[in-house]
Each structure stands twice: as C-alpha cells, then as structure tokens.
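1. no FASTA, just this:
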C-alpha cells in the first residue's frame, strides 16, 4: 500500500519554543556550529487503492485542513514513500 509523508512546520513568523530549547541544548553540549532549530510534525498516511490525481488532491486538502493549523503552520511537503 502506498504511503505518503506529510511534513508540517510552524510559519516563519511564529515563535518556536521547542526549537529554541533544542538549539540551546545543542550549544550547551558543544555543538556550536548549529545556530537555530525549528520543530515540526511528520505524518505518515497510508492509502488504500490506486493513487490518482483525485487522491493526491484529497490528501493535500486533508493536510491543509486537518493535519495542520493554517493560522500558525504551513504544509511544507507531501511526499510518496517508495519501498
């Protein structure tokens, strides 16, 4: 069965306290070459049946309306995973 990965990230203008905490931890652990971290979400969606243009359009709609909060997040990619 085909699997799609949907990646969602906070909009650039939205503060990301989790990412900031991770960036601070990296610095404290001696990894000073990394200056910023942004944290997002990853969803794996399994599709039953063939992949059609309608299926892809429906997944894009679901990603925008259900998997992300349009006010503070962007859907940055929808990728089909190959075995």
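-> In hand now; what should we look at? Small disclaimer: the values here were computed from a predicted structure and weren't measured.
2. point out where the protein drops to low pLDDT.
-> Within the chain, the stretches with pLDDT under 70 are 83.
3. what about the strands in it?
-> 3-10, 41-46, 73-81 (DSSP state E).
4. now those in TSV, with distance to residue 52?
-> C-beta: built from backbone N, CA, C; applies to glycine. Listed next are those as TSV, based on distance: least, Cβ to Cβ, whole Å:
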stretch	distance to residue 52
strand 3-10	13
strand 41-46	15
strand 73-81	13
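5. adding mean neighbour count and distance to residue 30, write those strands out as CSV.
-> Converted to CSV, the strands of the chain look like this (neighbours: other Cβ atoms under 10 Å; distance: least, Cβ to Cβ, whole Å):
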stretch, mean neighbour count, distance to residue 30
strand 3-10, 18, 27
strand 41-46, 12, 27
strand 73-81, 14, 30
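6. between those strands, which gets nearest to residue 27?
-> Nearest to residue 27, of all the strands of the chain, is strand 3-10, at 20.5 Å by Cβ to Cβ.
7. quick one: contacts for the closest residue to residue 5 other than its chain neighbours?
-> Leaving aside its chain neighbours, residue 5 sits nearest to residue 79 (5.0 Å; criterion: Cβ to Cβ, 6 or more residues apart in numbering). With contact taken as Cβ atoms under 8 Å, 6 or more residues apart in numbering, residue 79 is in contact with 4, 5, 7.
8. what about residue 79, distance to residue 42?
-> Distance, residue 79 to residue 42, by Cβ to Cβ, to the nearest Å: 10 Å.
9. need the overlap of contacts for the two.
-> 5, 7.
10. still on that earlier bit, just name the closest of the contacts of residue 79 to residue 53, please.
-> Taking Cβ to Cβ as the measure, residue 53 lies nearest residue 4 of these, at 14.0 Å.
11. so what sits opposite the closest one in the bridge?
-> residue 45, residue 80 (DSSP bridges).
12. which residues are in contact with it?
-> 44, 45, 47, 59, 78, 79, 80, 81.
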